[in-house]
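Chemist: Fold the following.
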Amino acid sequence: MSILDTLNNLYETRTDEVEKWLNKIRLESPPLFYTSVDLRHSGLRLAPVDTNIFPAGFNNLSQAAQARASNCIKRYFEENYRGAERVIIIPENHTRNLAYFDNLAMLLSLFNNAGLQAKIGSLTAQANETLNFTSGHGVEIRQYPIVSNNNKLSLEDGFTADVILLNNDLTSGLPDILKNLSQPIIPSPDMGWFQRRKSTHFNEYKNLIEDFCKEFSLDPWLLNARSHHCGMVDFHDKTSLECLAESIDDILAFTREKYHEYNVKQEVYVYVKADSGTYGMGITSVKSGSEIIDMNKKTRNKMQVIKEGVHVSEVIIQEGIPTIDAVGNAPAEPLLYLIDGVPIGGMYRVNDQRDNLGNLNAAGMRFTGMCDEAEDECGIWKKMENCNFRAYGIISSIAALAAGREKY
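Modeler: Next up is the predicted model:
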């Protein structure tokens, strides 16, 4: 039985128990406002390999998923910020990515459809300088200068926020203008990549998935990509890479044992990833510890620096999970989007330039729709053999709950 069938059958036969377990964790540590979760599915295994706290890509969701998102946003604000009407969205800095502008246009639409007023405030716009952009789909995007007065943020046109939404992952640090505000900021700036660590997230996920699997008699390895944190790494100093190589070989040996247990006939591999950061930067895959020591200068340089020129000194080693998902002949992986920990929709990341072992969040990637429980939006994706929104949703919900437990 595939892992998707296992999870689907578990939910169908023990729905109340699964929901009770999820709600227990939710009460202990509420999920963040929004998250997106990258999954890898091998048939035998399904596991999160990245959880984004400040997700983009909402423009890729189906119309039905967009409607669910607005409903969840409305409910979230009614439960947490009753009376709030105005939201300032703070986007990424200095981007000219047309698809990202489509994402901002969709966020504005989602909030407006939830009965809230939303505008975009730029951290980089100068006084009296409204920035105007056109998204990839021809939508005009206006970003207003931000004004700070008495620990409150407003836009230069007088629009004052009741709540501030961060859609900026703060890779290079927390700007002074966002410190000590009287308005709530969601998600918390403390979750920015200037101090958030993937190793912390995956440790929280490991704890939760082990508890879940104990409760429902599953092997947690089937739902978790084993990872290990290595600090003080210098990719231009081979001596400092020896500890990293040893840890790589340890995880590979563990995976070989599990493959033998489950009669998996496939070569093992791991990803080495920067412990902070996104956009698929600072990541490589290897099949032995010696590969990391002997990697070429180009790969060393790629691993040493991530978004906005931030230097990498800490990494995680994470089990590689080959994907069996494909769109046409191209490998694919599911992405789930959640509001308040509730799965609202998703998509597949597809990359014609990679194989089923590779990192698909790289040059050449594209997105396609995902079949979920709304029959009218499935279209041709209804025919995708392995698409199972419910199973994806269970694991993504646990990953979102793990994000809510991270402390910095």
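Chemist: where are the low-confidence patches of this protein?
Modeler: Residue ranges of the chain with pLDDT under 70: 278-281, 299-301, 303-312, 371-385.
Chemist: Going along the chain, name the helices of it.
Modeler: Remark: helices assigned in the chain by DSSP state H are 3-13, 15-28, 63-80, 98-113, 198-216, 241-261, 289-293, 297-304, 389-404.
Chemist: which of those sits most buried?
Modeler: helix 389-404 (a mean of 24; mean count of other Cβ atoms under 10 Å). To be clear about C-beta, it is placed using only N, CA and C from the backbone, and glycine gets the same treatment.
Chemist: Who are the contact partners of the closest residue to residue 41 other than its chain neighbours?
Modeler: Nearest in space to residue 41, with sequence neighbours left out and distances taken as Cβ to Cβ, 6 or more residues apart in numbering, is residue 325 at 5.7 Å. Contacts for residue 325 were tallied using Cβ atoms under 8 Å, 6 or more residues apart in numbering; they are 41, 331, 332, 333, 334, 348, 384, 386.
Chemist: The nearest residue to the second one once chain neighbours are set aside: neighbour count?
Modeler: Spatial nearest neighbour of residue 331, excluding adjacent residues (Cβ to Cβ, 6+ apart): residue 356 at 4.5 Å. By the measure other Cβ atoms under 10 Å, the count of residues near residue 356 is 17.
Chemist: Kindly report the same for residue 270.
Modeler: Around residue 270 there are 29 residues (other Cβ under 10 Å).
Chemist: now stretch 30-49, how far from the chain's geometric center?
Modeler: Relative to its chain's centre, stretch 30-49 lies at 8 Å (Cα atoms, centre = their mean, to the nearest Å).
Chemist: Flag every buried residue along that stretch.
Modeler: By 16 or more other Cβ atoms under 10 Å, the buried positions in stretch 30-49 come out as 31-42, 44-49.
Chemist: hey, C-alpha coordinates of that stretch in CSV?
Modeler: This file holds the C-alpha atoms of stretch 30-49, laid out as CSV (Å, rounded to 0.1, in the frame of the first residue of the first chain):
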residue,chain,number,x,y,z
PRO,A,30,-1.4,27.9,17.2
PRO,A,31,-0.2,27.9,13.6
LEU,A,32,1.1,31.0,11.9
PHE,A,33,-1.2,33.1,9.7
TYR,A,34,0.0,31.5,6.5
THR,A,35,2.5,28.9,5.3
SER,A,36,3.4,26.9,2.2
VAL,A,37,4.9,23.4,2.4
ASP,A,38,7.0,21.7,-0.2
LEU,A,39,6.5,17.9,-0.1
ARG,A,40,8.4,15.0,-1.7
HIS,A,41,6.5,11.8,-2.4
SER,A,42,8.3,8.5,-3.4
GLY,A,43,5.3,6.2,-3.2
LEU,A,44,6.7,4.6,0.0
ARG,A,45,7.3,8.0,1.7
LEU,A,46,5.7,11.4,1.9
ALA,A,47,7.6,14.2,3.8
PRO,A,48,7.9,18.0,4.0
VAL,A,49,11.3,19.2,2.7
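Chemist: Tell me where the stretch 251-400 of the chain has strands.
Modeler: 270-274, 283-286, 315-319, 326-327, 330-339, 342-351, 365-369 (DSSP state E, counting those that start in this stretch).
Chemist: Show me what the first one pairs with in its sheet, parallel or antiparallel.
Modeler: Strand 270-274 has these partner strands in its sheet, going by DSSP bridges: strand 283-286 (antiparallel), strand 315-319 (antiparallel).
Chemist: orientation of that strand relative to helix 241-261 in degrees?
Modeler: Strand 270-274 runs at 140 degrees relative to helix 241-261, counting by axes from the mean of the first three to the mean of the last three Cα atoms, to 10 degrees.
Chemist: I am finished for the moment; much appreciated.
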